[in-house]
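1. from the sequence below, what's the structure:
(chains A and B)
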Amino acid sequence: MEKFNTHTGLVVPLDVANVDTDQIIPKQFLQKTERVGFGVHLFHDSRYLDHAGTQVNPDFIINKPEYKDASILLAGENFGCGSSREHAPWALQEYGFKVIIASSFADIFYGNCINVGLLPIKLAEAEIEQLFKLSPNAQLTLTVDLPNNTVTCGELSFKFSLNEFQQYSLENGVDSVGWTLNKLDTIKAFEEKMPAWQ
Amino acid sequence: MTISTPKTMYEKLWQNHLVEATEGETPLLYVDRHLIHEVTSPQAFANLRFHNRPVRHPERTIATMDHNISTRSIKIDAAGEGAANQLRALAINCKYFGIELFDMGHKNQGIAHVIGPELGLTLPGTIIVCGDSHTATHGAFGALAFGIGTSEVEHVFATQTLRQNKAKTMKIEVKGHVGAGISAKDIILAIIGKTGSAGATGYVVEYCGEAIEALSMEERMTVCNMSIEFGAKAGLIAPDQTTFDYVEGKEYAPKGEVFEQAVADWTNLKSDADATFDAVLTLEAKDIKAQVTWGTNPGQVISVDGIVPSPEDFNDPVEKESCVSALNYMGLTAGTKMTDIQVNKVFIGSCTNSRIEDLRAAAGVVQQYEGQQVVETIDAIIVPGSYRVKEQAESEGLDKIFTDAGFEWRLPGCSMCLGMNDDVLEEGDRCASTSNRNFEGRQGRGSRTHLVSPEMAAAAAITGHFVDLNA
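-> Just a heads-up that it's a prediction; the model follows:
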């Protein structure tokens, strides 16, 4: 996993609540055995007017030319609800997003983001509202500083928090499987004490 | 003598599985059972191969083919090239890593959350994970069961553990008894209607109360299955004699003395009487009516004798806006009686409602209509959850009841719940579905899903609209 330190980027505001994983990446695009090829299908049903994905929907905010270089997605509450498909953060990441900011995320989606190195930031609802107000017409560029847990734009600065180990993992690009494999002795000791039925 | 603090069932399960809680690290939990399928596993296997890592306990993982498969043919190529590639990859990976696989047409094949319980792979007191959010189903047994992403699938393969932050706890008590004709689906939809679609985000929910205790294992699975639909990490029901009777004798369940020891351990799992929960929700069972969703998330639900709500009915601006957009997508007008909504597709199946009791309930309703047929303009399909369910249903003659009435009797699989195979709705189709999600485009781009019980779906197929069966 790539290390995450700081990131400065353009914000695209998607002011919709309960954006589910079926909207982020519809099921017909999950039929891959590789980790790539999902970005082009991100938000497919909103982004394209036709089923085949050949006609771009000019009204969908992410398609507007002024947001073409956006790398921070500002979203409504309960972002990423629904399925456990990691294809959702893969698609967001491959499209070019480095950070997702919302007032709340669905649990599985949030964990999946951390595991792939896409930074999910929870801010208070009032802060989110403030950002939405500042974001139209591609006017909002934010700097996200992970080591200091801040989101800043000029004078404006918000604090966010992450679980300690998740923060460490993102900052250091930890191979989580390798990390746990170093603890095999502890796992084996646990297994020896398990009851027979387990 | 030390007096231990009272614990919830979740806390007991957590404690029993805690491998390590090192300062500065997310706690490490042991995973007893891992269910996998073709869609969320290939990239995890690929990473194992890349790092040259083995699956640490292949015997703790069971694979099935369910998400992508055709419900018309057992041929691996029958649902298109992409599906076939994933199915073949699963077979190759299972062989290479030594994992038992129930492949196309195997007697044990079926939806992961249907076969786990029916084979005795699902046991109380265990941690069960699967790269699928409806893993919460297994919580019906008092197992801590939750959906995971592909990176976590890889972590479980390699280590048989997962890192998990401790969730908050919520108790949902359903007091008293539900009225005649009220199903487990109605109970869980009514709960979600109360909490909203994100009401339990960050929580593990424990369902309890007389109405829950009275449920069969199949019904409990329906309740726990939809825990994720209001954001819960997992749903739990305390194991009791109903649970033990169900598990005993199942193919993969412990036998003899080991089973007896297991039951003794499982009996102690229930939350201590004075355990405290972070949140408590109480419902009166007698108030629960048959439910139908009207919107585009499972929290947008109302009783079948109600009317389509108006944005004005909501005070919260987000809910108000969601209502506007849902009515627009669903093509509904506020004030319309739910029983006046006409459907043109019916789907009975999915990990929520494809078990034998669901099929019996649906067949029972069909029989109540004495010889009446599925409306000519409606396509109605019945997709059993597994080959075992299919066989049992056929031995009871349920398939005949359905096909005589004009339903299609299909092969097991996830099917139209998510439409990864060719069981997809067309734009504008309106479906009475026993599945778990009514998201925009879930069953097909531009299609409209109404979540209901198997009884209501069967009645809708024969009458063409939603029916209040208890009126």
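
2. contacts, neighbours, all on C-alpha from now
-> Will do.

3. residue boundaries of the strands in chain A?
-> Counting by DSSP state E, one finds strands in chain A at the ranges A:6-14, A:72-75, A:99-102, A:119-122, A:141-145, A:150-153, A:156-159.

4. who are the neighbours in contact with residue B:424?
-> B:416, B:443, B:444 (C-alpha atoms under 8 Å, 6 or more residues apart in numbering or on different chains).

5. the first one: how many residues sit nearby?
-> The reference is to residue B:416. Under the neighbour criterion other C-alpha atoms under 10 Å in any protein chain shown, residue B:416 is assigned a count of 27.

6. isn't it up against residue B:447?
-> No. With the criterion set as C-alpha atoms under 8 Å, residue B:416 and residue B:447 do not qualify as a contacting pair; they are 11.5 Å apart.

7. so how far is stretch A:130-137 from its chain's centroid?
-> The chain centre lies 19 Å from the centre of stretch A:130-137; the measure is C-alpha atoms, centre = their mean, to the nearest Å.

8. what does it contact?
-> The list of residues contacting stretch A:130-137 from outside it, by C-alpha under 8 Å, 6+ apart, reads A:11, A:12, A:13, A:15, A:66, A:74, A:140.

9. compute the first-to-last residue distance for stretch A:60-77.
-> One end of stretch A:60-77 to the other measures 19 Å (C-alpha to C-alpha, to the nearest Å).

10. ugh, wrong one, I meant stretch B:129-146
-> Between the opening and closing residues of stretch B:129-146 there is a gap of 5 Å (C-alpha to C-alpha).

11. what's the mean pLDDT across that stretch?
-> Confidence for stretch B:129-146, expressed as mean pLDDT, is 98.

12. next up, the contacts around residue 86.
-> Looking at chain A here, since you left the chain open. Taking C-alpha under 8 Å, 6+ apart as the criterion, residue A:86 is in contact with A:109, A:112, A:113, B:40, B:149, B:150, B:151.

13. right idea, wrong chain: chain B
-> Counting by C-alpha under 8 Å, 6+ apart, residue B:86 makes contact with A:31, A:32, A:33, B:38, B:39, B:42.

14. show me the shaky parts of chain B.
-> Chain B contains residues with pLDDT under 70 at B:1-3.

15. mind checking how far residue B:433 is from chain A?
-> Per C-alpha to the nearest C-alpha, to the nearest Å, residue B:433 is found 17 Å from chain A.

16. how far off centre is stretch A:7-27?
-> Computed by C-alpha atoms, centre = their mean, the separation of stretch A:7-27 from the middle of its chain amounts to 8 Å.

17. I should have written stretch A:72-88 there, sorry.
-> In terms of C-alpha atoms, centre = their mean, the centre of stretch A:72-88 is set 7 Å apart from its chain centre.

18. now stretch B:342-356
-> In terms of C-alpha atoms, centre = their mean, the centre of stretch B:342-356 is found 12 Å from the chain centre.

19. now stretch B:61-78
-> Its chain's average C-alpha position is 18 Å from that of stretch B:61-78, according to C-alpha atoms, centre = their mean.

20. okay, how far is it across it, tip to tip?
-> Counting by C-alpha to C-alpha, the length from the leading to the trailing residue of stretch B:61-78 is 26 Å.

21. contact partners of it?
-> With contact meaning C-alpha under 8 Å, 6+ apart, stretch B:61-78 is reached by B:33-39, B:79, B:83-84, B:87-88, B:94, B:99-105, B:109-112, B:383, B:410-415, B:420-423.

22. likewise for stretch B:135-144?
-> Contacts with stretch B:135-144, where a contact means C-alpha under 8 Å, 6+ apart, come from B:9-10, B:13, B:113, B:116-117, B:122-129, B:145-147, B:217, B:220-228, B:233-239, B:243, B:269, B:352.

23. among the residues you listed, which lie within helices?
-> B:9-10, B:13, B:113, B:116-117, B:217, B:220-225, B:243 (DSSP state H).

24. what residues does the stretch 251-400 of chain B put near chain A?
-> Residues of the stretch 251-400 of chain B found near chain A, taking C-alpha under 8 Å from any C-alpha of the partner chain as the criterion, are B:254, B:258, B:259, B:261, B:262, B:318, B:322.

25. residues contacting residue B:19?
-> Here residue B:19 is in contact with A:186, A:187, A:190, B:27, B:28, B:29, B:30 (criterion: C-alpha under 8 Å, 6+ apart).

26. so residue B:163 touches residue B:31, yeah?
-> No. Counting by C-alpha under 8 Å, residue B:163 sits too far from residue B:31 to count as a contact (10.2 Å).

27. give me every residue that touches residue A:33.
-> Shown here is residue A:33, whose contacts under the criterion C-alpha under 8 Å, 6+ apart are B:39, B:42, B:43, B:85, B:86, B:89.

28. part of a helix, is the fourth one?
-> Yes. Counting by DSSP: H, G, I helix; E, B strand; the rest coil, residue B:85 is part of a helix.

29. measure it to chain A for me?
-> Following C-alpha to the nearest C-alpha, the distance that separates residue B:85 from chain A is 8 Å.

30. excluding residues flanking it in the chain, which one is nearest residue B:380?
-> In space, not counting the residues next to it along the chain, residue B:380 is nearest to residue B:346; the distance is 4.4 Å by C-alpha to C-alpha, 6 or more residues apart in numbering or on different chains.

31. what pLDDT does residue A:138 get?
-> Per-residue confidence (pLDDT) for residue A:138: 79.

32. distance to residue A:7 added to the contacts of residue B:86, as CSV?
-> Formatted as CSV, the contacts of residue B:86 follow (distance: C-alpha to C-alpha, whole Å):
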residue, distance to residue A:7
A:31, 32
A:32, 30
A:33, 30
B:38, 35
B:39, 32
B:42, 31
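
33. so of those residues, which ones are in helices?
-> Using DSSP H, the subset of those located in helices is residue B:42.

34. just give me the closest of the contacts of residue B:86 to residue B:397.
-> residue B:38 (31.7 Å; C-alpha to C-alpha).

35. which residues touch that closest one?
-> By C-alpha under 8 Å, 6+ apart, the contact set of residue B:38 is B:64, B:65, B:66, B:67, B:68, B:86, B:87, B:89, B:90.

36. how about residue A:17?
-> Counting by C-alpha under 8 Å, 6+ apart, residue A:17 makes contact with A:75, A:76, A:77, A:78, A:79, B:318, B:322.

37. let's go with 7 Å and repeat that
-> Residues in contact with residue A:17 (C-alpha atoms under 7 Å, 6 or more residues apart in numbering or on different chains) are A:76, A:77, A:78, A:79, B:318.

38. looking at those, which has the most residues close by?
-> residue A:79 (27 neighbours).

39. is it true that that one touches residue A:19?
-> Yes. Because the distance of 5.1 Å satisfies C-alpha atoms under 7 Å, residue A:79 is recorded as touching residue A:19.

40. does residue B:201 touch residue A:105 like I think?
-> No. Taking C-alpha under 7 Å as the definition, residue B:201 is not a contact partner of residue A:105, at 8.2 Å.

41. point out the residues in the stretch 101-250 of chain B that sit beside chain A.
-> Taking C-alpha under 7 Å from any C-alpha of the partner chain as the test, the list of the stretch 101-250 of chain B residues beside chain A reads B:126, B:131-133, B:147-151, B:155, B:158-159, B:198, B:201-202, B:229, B:231, B:233.

42. just the buried ones from these?
-> Among these, those buried by neighbour count (16 or more other C-alpha atoms under 10 Å in any protein chain shown) are B:126, B:131-133, B:147-151, B:155, B:158-159, B:198, B:201-202, B:229, B:231, B:233.

43. filter those down to the ones in helices?
-> Using DSSP H, B:150, B:151, B:155, B:158, B:159 are the members of these that sit in helices.

44. got a markdown table for those, with distance to residue B:73 too?
-> A markdown table is the format used below for these (distance: C-alpha to C-alpha, whole Å):
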| residue | distance to residue B:73 |
| --- | --- |
| B:150 | 28 |
| B:151 | 32 |
| B:155 | 34 |
| B:158 | 34 |
| B:159 | 37 |
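
45. those: which two are farthest apart?
-> Pairwise distances across these (C-alpha to C-alpha) peak at 14.1 Å, for the pair B:150 and B:159.
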